[in-house]
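**Q** One predicted model, sequence on top.
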Amino acid sequence: MAIDVKNLTKKYGEQTAVNGISFTVQAGEIVGFLGPNGAGKSTTMKMITGYLEPDGGAATVAGIDVARDPLAAKKKIGYLPESNALYYDMYVREYLSFVADMHGVAQKKTKVEDVIALTGLTPESSKKIGQLSKGYKQRVGLAAALIHDPEVLILDEPTSGLDPNQIIEIRNVIRDQGRNKIVLFSSHILQEVEAICNRVIIINKGSIVADDSLQNLQSRSGATTVRVSFAEALEPEWLRRVAAVRSVEKLEGNAWALQTDDPEAVRRGLLELSLDQKLNIVSLQTGSESLEAVFRSLTAAK
């Protein structure tokens, strides 16, 4: 079972929205699909799900060519689109029952109650969809994507409109579903991607600029950040003279971020500096480059 994308292309007039991209996602993978606005994320997802016809290339889901047999492919997919179009005059259970009928779900009533509980809709389940907050409408869309127990989940901004507590709940749902399904989801909340994903694909201007494990992406620059905070103020030049420091960035208060290829040498140098200048180190931490920093470096306008 896999999503297999080969040379997928989509043009709108003279503009190329998706430019011959290729990737494969296997069962058990939770893959974050990232990119700035207009990069081609939603267009790619619509082509994979059969809601948009590509101008070139192909997408297969669980071995089914989406363009040749879109109905069979859609049976394998649970899709939460970015727009999340819903019937606002329908009640939550009524709508989920309707979607279950569309998929021919057996034991419909039981399944509806299961997805209501799974997505945290129970407190609002007796209301019309139009009466719900944006966050709960998003949960209805996720429940509809899960109602037929699909092998593949494609989620476009699944945590949009959710408060921090709701985000954690939905994060846990996605993580749990990813144990035996393929999950491809986009998000502008990079902390969510870091918390859930084991792999990240970054698209920019219609082309894939990165496809790797989260750990490899964070360490791809070869640089490590050493964050140090002093009780006293000091001159940045002192830190630039520390062995193996590549760059120095002033943070809030008396805190600094130092880029280096040799974090141990920097730590030793900072301890020597504190002794020589009679400085007090309040904190000293070492970490890999953040996903946000990697994302910005790969998608920044040039």
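**A** On my side now, so go ahead.
**Q** May I see the buried residues of the helix or strand of the chain with the lowest mean pLDDT?
**A** Least confident helix or strand, the chain: helix 214-218 with a mean of 80, by mean pLDDT, DSSP states H and E. Within helix 214-218, the residues that count as buried by 16 or more other Cβ atoms under 10 Å are Leu214, Leu217, Gln218. Glycine gets a C-beta too; all of them are placed from N, C-alpha and C.
**Q** got the contact list for Ala39?
**A** Contact analysis of Ala39 by Cβ atoms under 8 Å, 6 or more residues apart in numbering lists Ile203, Asn204, Lys205, Gly206, Thr299.
**Q** go with 10 Å
**A** By Cβ atoms under 10 Å, 6 or more residues apart in numbering, the contact set of Ala39 is 17-18, 33, 186, 202-209, 299.
**Q** quick one: which of those is nearest Ser126?
**A** Using Cβ to Cβ, Ser186 is the member of the contacts of Ala39 that lies nearest Ser126, at 31.5 Å.
**Q** I'd say the closest one and Phe33 touch.
**A** Yes. If you go by Cβ atoms under 10 Å, Ser186 and Phe33 touch, sitting 4.6 Å apart.
**Q** So for these two, which residue has more residues nearby?
**A** Higher neighbour count among Ser186 and Phe33: Phe33, with 28 against 23, using other Cβ atoms under 10 Å.
**Q** how about the host helix or strand of the more buried one as CSV, C-alpha atoms only?
**A** Using DSSP states H and E, Phe33 sits in strand 30-34. Taking C-alpha atoms only, strand 30-34 is exported to CSV below (Å, rounded to 0.1, in the frame of the first residue of the first chain):
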residue,chain,number,x,y,z
ILE,A,30,3.1,10.2,8.6
VAL,A,31,4.5,12.8,6.1
GLY,A,32,4.3,16.5,6.5
PHE,A,33,3.8,18.3,3.2
LEU,A,34,5.1,21.9,3.6
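**Q** Paired strands for it, with orientation please.
**A** Paired with strand 30-34 in the same sheet, following DSSP bridges, are strand 182-186 (parallel), strand 199-204 (parallel).
**Q** where do the helices sit along this protein?
**A** With DSSP state H as the criterion, the chain has helices at 41-49, 70-75, 92-103, 108-118, 134-146, 164-177, 190-196, 214-218, 236-240, 263-276, 291-299.
**Q** Let me know how buried Tyr198 is, in neighbour terms.
**A** Slight slip there: residue 198 is Asn, not Tyr. Other residues near Asn198 come to 13 when the count uses other Cβ under 10 Å.
**Q** What sits closest to it if chain neighbours are left out?
**A** Spatially, and ignoring its direct neighbours in sequence, Asn198 is nearest to Ile30 (5.9 Å; Cβ to Cβ, 6 or more residues apart in numbering).
**Q** which residues does Leu80 contact?
**A** So Leu80 contacts 45, 138, 140-146, 153-158, 160, 185 (Cβ under 10 Å, 6+ apart).
**Q** try 7 Å this time
**A** Residues in contact with Leu80 (Cβ atoms under 7 Å, 6 or more residues apart in numbering) are Gly141, Leu142, Ala145, Leu155, Asp156, Pro158.
**Q** just those now: which is nearest Ala2?
**A** Nearest member of those to Ala2, counting by Cβ to Cβ, is Leu155, at 17.3 Å.
**Q** Not including adjacent chain positions, what is the nearest residue to the closest one?
**A** Nearest to Leu155 is Phe185, by Cβ to Cβ, 6+ apart, at 3.8 Å.
**Q** Next, count neighbours for the one you found.
**A** Per other Cβ under 10 Å, the neighbour tally for Phe185 reads 25.
**Q** Could you shift the numbering so residue one becomes 44, and keep it that way?
**A** Understood, numbering begins at 44; the last thing we discussed is Phe228.
**Q** what's Val61 in contact with, if anything?
**A** With contact taken as Cβ under 7 Å, 6+ apart, Val61 is in contact with Leu51, Thr52, Lys53, Gly83, Thr86, Thr87, Gly249.
**Q** Most neighbours among those, please name it.
**A** Result: Thr87 is most packed of the contacts of Val61 (other Cβ under 10 Å), 30 neighbours.
**Q** re earlier: can you name the residues bridging to the residue nearest to Leu198?
**A** Each beta-bridge partner of Phe228 is listed here, defined by DSSP bridges: Gly75, Leu198.
**Q** From Glu194, how far out is it?
**A** Distance check for Phe228 against Glu194: by Cβ to Cβ, to the nearest Å, it reads 15 Å.
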